[in-house]
Each structure stands twice: as C-alpha cells, then as structure tokens.
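**Student:** Let's see this in three dimensions:
(one chain, ligands or ions: 1)
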Amino acid sequence: PLQLTLAILKPDITANPSVLKNVWTRILENGLYFVSSKHMHLSSDEAEEFYAEHRGKFFQNRLVNFMSSGPVWCHILCGDDVIGRWRRMLGPTKVLKTVYDEPESIRGSYGLTDTRNCAHGSDSDATAKREVGFFFPEFDFEKWYKEE
Ligand code: CMP
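**Tutor:** Take a look at the predicted model:
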C-alpha cells in the first residue's frame, strides 16, 4: 500500500555534501518520492521530546547531544511500503551488525557509531503519523490518506 514515512538525515551526514547527495540519490533511485522537506537545527529540548521513548536509556544523552549538534534534513517520503523500504535501505541500527550484515546499506556505507548512524526512519504507520506531526504540524496526515 501507498504509505508515508518520516526520514531524518542526521547531523553526521548533513555536514558532508557528497554523502548527503548520495543518500538523496538513493532515495530517488529506489523509487521513493519526496512529499515535503525541511532543513532545521533542533534544540536539545526538541531532540529530547522527539526521542521521548528513549528517555532514561544509557545512550539518551549522547543521542540528544548528537541530534542537536548540527542541522538535520527532515523529509516526508512516500511510496509503496515506504516504511519498510526506507528502513531496509538504512540497514540495522547497530553499526557493527550493519557493516557485517548490510555493508551496502546507507548505515553500512556511512555509519560511524550506534549513535552517529546517518538517518532515521519511522517504524510503523502510527509512529510515522506522530513523527510527521512533530516536524510538519501543518501537514494533514489523515487527509493525505483519505484522498488516495
Ligand atoms: P534512530 O533510528 O534514529 O532511533 C533511535 C536512535 O538512538 C538510533 O537511531 C541511534 O541514533 C540511537 N541509538 C539506538 N541504539 C543505540 C545504542 N545502543 N547506543 C547508542 N545510540 C543508540
């Protein structure tokens, strides 16, 4: 089914124009579409709120510090099964597993650590709805699905 997902290109790759360009090219060459995009710099409070489900985890501080350390690109992506496809393009979260199992994936190619892992993708329709709403409050997620 046609779906929407939220992709975030994180500060580690937005600092590197050639990597950024490669990731955008991969998105288009895989047949995914950009619905809306925003370039922004998160405050640590915004990063903390976005990743609320990771509150209290051992990596929370480094995640929040990293995500507010530089600009990010947020994209609403559209495509058939885009949630699963974008996550498969990313590869696993853990960098060593990614480099070993999925070396051609985005994280396998450019991931540095478990935290500095290039990009984010929503993991379900419900998550996509919350995450798109977080970064694109003006975007009517429900209406987009109804109009299909
Ligand atoms: P993301 O897919 O954006 O979702 C949560 C983020 O937390 C994840 O990517 C990583 O950036 C970070 N993260 C997840 N697990 C770990 C971990 N074990 N150690 C450090 N950072 C992590």
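**Student:** Show me the helices in this protein, by range?
**Tutor:** Here the chain has its helices, by DSSP state H, at 11-14, 17-29, 44-50, 60-67, 82-90, 95-101, 106-110, 125-135, 141-146.
**Student:** how about the residues of this protein near the ligand?
**Tutor:** 54, 59, 63, 93, 114-115, 117, 120 (C-beta under 6 Å from any ligand atom). The C-beta positions use only the backbone N, C-alpha and C, and glycine is treated the same way.
**Student:** Now flag whichever of these is closest to L77.
**Tutor:** Ranked by distance to L77 (C-beta to C-beta), the residues of the chain next to the ligand are led by H120 at 11.6 Å.
**Student:** Could you tell me which residues make contact with the closest residue to the closest one other than its chain neighbours?
**Tutor:** Nearest-residue entry for H120: I8, 4.1 Å, with adjacent residues in sequence omitted and distances by C-beta to C-beta, 6 or more residues apart in numbering. For I8, the contacting residues are 72-75, 119-120, 135, by C-beta atoms under 8 Å, 6 or more residues apart in numbering.
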